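Peer 1: Next one to model:
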Amino acid sequence: MSLSRREFVRIMGLASAAGMLHKQAFAQSPYALYDVPTYGNVRLLHFTDCHAQLLPVYYREPNVNMGLGDRRGKAPHIVGKNLLREFGIAPDSIEAHAFTYLDFADAARRFGKVGGFPHLATLIERLRAERGPDKTLLMDGGDTWQGSGTAYWTRGRDMVDACNLLGVDVMTGHWEYTYKDTEVLANIERFNGEFVAQNVRVKEDALFDGYPAYDEDTGHAHKPYTIKVLGGVRVAVVGQSFPYTPIANPQRFIPNWTFGIQDEALQELVNEVRDSENPDVVVLLSHNGMDVDLKLASRVTGIDAIFGGHTHDGMPRPSIVSNASGQTLVTNAGSNGKYLGVMDLDVRDGKVQGYRYKLMPVFSNYLEEDADMRRHIESVRAPFLDILNEKLAVADELLYRRGHFNGPFDQIICDALIEVLDGQISLSPGFRWGTTVLPGQAITMEHVLDQTCMTYPETYVREMSGEQLKLILEDVADNLFNPDPYFQQGGDMVRVGGFNYEIDPTVEIGRRISNMRLNNGELIDASRNYKVAGWATVGSVSPGRPVWDEVADYLRDRKVAKITRLNTPVIRNIDQNPGLEAYRQS
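Peer 2: I've put the predicted structure just below:
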């Protein structure tokens, strides 16, 4: 049930009396976050990258998200104070906390947690009721079935059922494909909405052998698009799953499918849909990452709006991209269930005449829980509570992941790998998912699973030469800083333990990484071998225990999680970049 204004004011009064709210937050009325003035005749709702977080969490936005070249200082590559100025957000406000890293720990204690499907459900129900359920469409941009212990143990079914309760109409995917293909197809069958992806096809030899496809003639593995009629307005939703899935994740899980950006095929499909389906609106539900979507929007015509995901960028307003036939709106709705994008369209005479957009932070203190969703979550979690609630240690400082280089929770993982597996050096993937732990808060097994829970978690210890280490860093840096967005796969730099390095993001691959030194100051020798501990190998299965077991053992032994050294690189030739603030350099 959604809250009325009277109910909200009453609850806020109780919260204020209990000392839960900061005076600045109450003065500006957090309820206004959820007010959307009436506009147009169609409402499109969008969330993405929730990473299986069913309950409210803390999630710190990055202080490092650098744009280079023509992307310098442009969304999404602006952080902190620069982001506040760009989007006209008042400092020290609840929105400043939602969209930036600034004073995160203090602000998190004032404003509370974000996300939570029970609270998200309440907000969605209210927004549907305002416009009318027949004029509202709810889209899920993917990365929904992975990222928690319960998602791992249920093979994503907990999230499928939660999305059915939420009433998701259309979704696409990425980490969904890190389950076995048979599990993916079973979950899609269980999903009440439609799973769309124009860029996923079944390989020819698999088709020949009778492997299932949505369309054997085109080879599409899934439905490429769908048409939804909202109050008489025809809306076409085209799906775009993460194009680099078999590169960034193990291909062995999905051996019969191909991916790719496929912008030429997308253009053909959009043209076909425009010609044959007579839509009033065409949108792309994308998991490309925002920079890729911006380039795609400049090349593919006929798309009114792109609802994007993958790079976890919470952007308060769309970017407007011009192309040969007009303009395309490009949005990105953050991650972890923290935001809900709301786009209201004025559609008349067969086309979009205007729009209003608001990216709403989902603050659990300010939204009532939906009872049905809460019961589902309690049922899903009940068999695993003893594991999830185990207290392993206490956080000595703010622990987070998001940012181009090492975050404190990443360092915990790297330090654990070195100590438990007796390595000299450690490597950990630069994933952007993973929740935040406040200073003094107990680190539970659930927190560790939030950082590590995936279907290829096995650890390894192996010999690597200094030259190999440099090649790894160069390769990942190119993925992050390549000037062509189509060569960027999202994610951040590989996290390292036991050594530091220098990086120049402005030069070409092969020259970005230099001065690699062990923590004792010794220069890493290209020809010498080092004992490296790591996890999450894409190519083959590693022999070790799941990484969460190693990290849990490390934290149990320590009781207090202290970081003595954060292995962050020295950054060269980046002066006053609007995507870099308060950088903690080792």
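
Peer 1: Low-confidence ranges, this protein, go.
Peer 2: Residues of the chain that meet the criterion pLDDT under 70 lie in 1-31, 586.

Peer 1: Show me how it divides into domains.
Peer 2: Described in terms of automatic domain parsing, the domain architecture of the chain consists of the residue ranges 5-29+42-378, 389-571.

Peer 1: Would you mind putting those domains into CSV with mean neighbour count and distance to Y583 alongside?
Peer 2: (C-beta placed from N, C-alpha, C; glycine too.) Output for those, formatted as CSV (neighbours: other Cβ atoms under 10 Å; distance: least, Cβ to Cβ, whole Å):
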stretch, mean neighbour count, distance to Y583
domain 5-29+42-378, 20, 6
domain 389-571, 19, 7
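
Peer 1: of these, which approaches L580 most closely?
Peer 2: Distance to L580, taken as Cβ to Cβ, is lowest for domain 5-29+42-378 among the domains of the chain, at 5.5 Å.

Peer 1: And that closest one, how far out from the chain middle?
Peer 2: Taking Cα atoms, centre = their mean, to the nearest Å, the mean C-alpha location of domain 5-29+42-378 is offset from the chain mean by 9 Å.

Peer 1: measure the closest residue to P224 other than its chain neighbours to R495 for me?
Peer 2: Sequence neighbours aside, Q198 is the residue nearest to P224 in space, at 3.7 Å (criterion: Cβ to Cβ, 6 or more residues apart in numbering). Spatial separation of Q198 from R495 under the definition Cβ to Cβ, to the nearest Å is 34 Å.

Peer 1: Bridged to S319, which residues?
Peer 2: Note on S319: beta-bridge partners by DSSP bridges are V330.

Peer 1: residue contacts, it?
Peer 2: Contacts here follow Cβ atoms under 8 Å, 6 or more residues apart in numbering; on that basis S319 touches K74, A75, L294, L329, V330, T331.

Peer 1: could those residues go into a markdown table alongside distance to M454?
Peer 2: Conversion of the contacts of S319 to a markdown table gives the following (distance: Cβ to Cβ, whole Å):
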| residue | distance to M454 |
| --- | --- |
| K74 | 32 |
| A75 | 29 |
| L294 | 28 |
| L329 | 32 |
| V330 | 28 |
| T331 | 27 |
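
Peer 1: Closest one to D304 out of those, please.
Peer 2: For these, the closest approach to D304 (Cβ to Cβ) belongs to L329, at 6.9 Å.

Peer 1: any idea how far the closest one lies from V281?
Peer 2: The span separating L329 from V281 equals 11 Å under the rule Cβ to Cβ.

Peer 1: Mutual contacts of the two, please.
Peer 2: With contacts taken as Cβ under 8 Å, 6+ apart, the residues that reach both L329 and V281 are D304, A305.

Peer 1: Where does the residue nearest to P224 fall, secondary structure wise?
Peer 2: Element membership for Q198 (DSSP states H and E) is empty, with no helix or strand holding it.

Peer 1: which residues touch it?
Peer 2: Contact analysis of Q198 by Cβ under 8 Å, 6+ apart lists H220, P224, Y225, V238, G239, Q240, Q262, A265, L266, L269.

Peer 1: beta partners for the fifth one?
Peer 2: On DSSP bridges, the residues paired with G239 through beta bridges are L285.

Peer 1: does it really touch V170, like I thought?
Peer 2: Yes. Between G239 and V170 a contact is recorded at 7.5 Å, counting by Cβ atoms under 8 Å.

Peer 1: Overlap in contacts, the two.
Peer 2: With contacts defined as Cβ under 8 Å, 6+ apart, the residues shared by G239 and V170 are F195, V196, L285.

Peer 1: Skipping adjacent residues, who's closest to Y501 in space?
Peer 2: M516 (4.4 Å).

Peer 1: Who are the contact partners of that neighbour?
Peer 2: Residues in contact with M516 (Cβ under 8 Å, 6+ apart) are G466, L469, K470, L473, F499, N500, Y501, L523, I524.

Peer 1: And the furthest pair within those residues?
Peer 2: Across the contacts of M516, no pair lies farther apart than L473 and L523, at 14.9 Å, counting by Cβ to Cβ.

Peer 1: quick check, W145 in a strand?
Peer 2: No. W145: not assigned to a strand; according to DSSP: H, G, I helix; E, B strand; the rest coil it is coil.

Peer 1: Apart from its neighbours in sequence, what residue is nearest it?
Peer 2: In space, and not counting its chain neighbours, W145 is closest to G156: 3.2 Å by Cβ to Cβ, 6+ apart.

Peer 1: follow-up on the earlier one: name the nearest of the contacts of M516 relative to G407.
Peer 2: For these, the residue nearest G407 by Cβ to Cβ is N500; the value is 15.3 Å.

Peer 1: Across the sheet, point out what pairs with that closest one.
Peer 2: The residues paired with N500 through beta bridges, assigned by DSSP bridges, are R517.

Peer 1: ok now do it, which residues does it touch?
Peer 2: Taking Cβ under 8 Å, 6+ apart as the test, what N500 contacts is M516, R517, N519, N567, T568, P569, V570, S586.

Peer 1: Next one: the residue lying closest to the fourth one once chain neighbours are set aside from V570, what distance?
Peer 2: If the residues on either side of it in the chain are set aside, N567 comes closest to V496, at 5.1 Å by Cβ to Cβ, 6+ apart. Note on V496: its distance to V570, by Cβ to Cβ, is 13 Å.

Peer 1: same check, this time on E95
Peer 2: 33 Å.

Peer 1: for L523, same thing?
Peer 2: The gap separating L523 from V570 is 14 Å, by Cβ to Cβ.

Peer 1: With V380 instead?
Peer 2: The separation that V380 has from V570, given Cβ to Cβ, amounts to 45 Å.

Peer 1: got it, and G579?
Peer 2: Distance, G579 to V570, using Cβ to Cβ: 17 Å.

Peer 1: and what of L127?
Peer 2: Noted for L127: a distance of 46 Å to V570, by Cβ to Cβ.

Peer 1: again, but for V461
Peer 2: Separation of V461 from V570 (Cβ to Cβ) stands at 28 Å.

Peer 1: can you check G69 too?
Peer 2: For G69, the distance to V570 under the criterion Cβ to Cβ works out to 21 Å.

Peer 1: ok, now R72?
Peer 2: As judged by Cβ to Cβ, R72 and V570 stand 20 Å apart.

Peer 1: Over to D143?
Peer 2: 32 Å.

Peer 1: ok, which stretches of the stretch 201-350 of the chain are helices?
Peer 2: Secondary structure of the stretch 201-350 of the chain (DSSP state H, counting those that start in this stretch): helices at 204-208, 245-248, 263-277, 290-299.

Peer 1: Tell me which of those lies nearest to T436.
Peer 2: Put simply, out of the helices of the stretch 201-350 of the chain the one that sits nearest T436 is helix 290-299, at 21.4 Å, with distance taken as Cβ to Cβ.

Peer 1: send the alpha carbons of that closest one over as PDB?
Peer 2: Extracted in PDB, the C-alpha atoms of helix 290-299 (Å, rounded to 0.1, in the frame of the first residue of the first chain):
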ATOM      1  CA  MET A 290      26.300   4.500 -20.600                       C
ATOM      2  CA  ASP A 291      29.200   5.400 -22.800                       C
ATOM      3  CA  VAL A 292      28.300   2.700 -25.200                       C
ATOM      4  CA  ASP A 293      24.700   3.800 -25.200                       C
ATOM      5  CA  LEU A 294      25.800   7.400 -26.000                       C
ATOM      6  CA  LYS A 295      27.700   6.300 -29.000                       C
ATOM      7  CA  LEU A 296      25.000   3.900 -30.100                       C
ATOM      8  CA  ALA A 297      22.400   6.700 -29.900                       C
ATOM      9  CA  SER A 298      24.500   8.800 -32.300                       C
ATOM     10  CA  ARG A 299      24.700   6.000 -34.800                       C
END
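
Peer 1: what packs against that helix?
Peer 2: Using 3 or more Cβ pairs under 8 Å, 6 or more residues apart in numbering; DSSP states H and E as the contact test, the elements touching helix 290-299 are helix 263-277, strand 281-286, strand 305-308, strand 319-323, strand 326-332.
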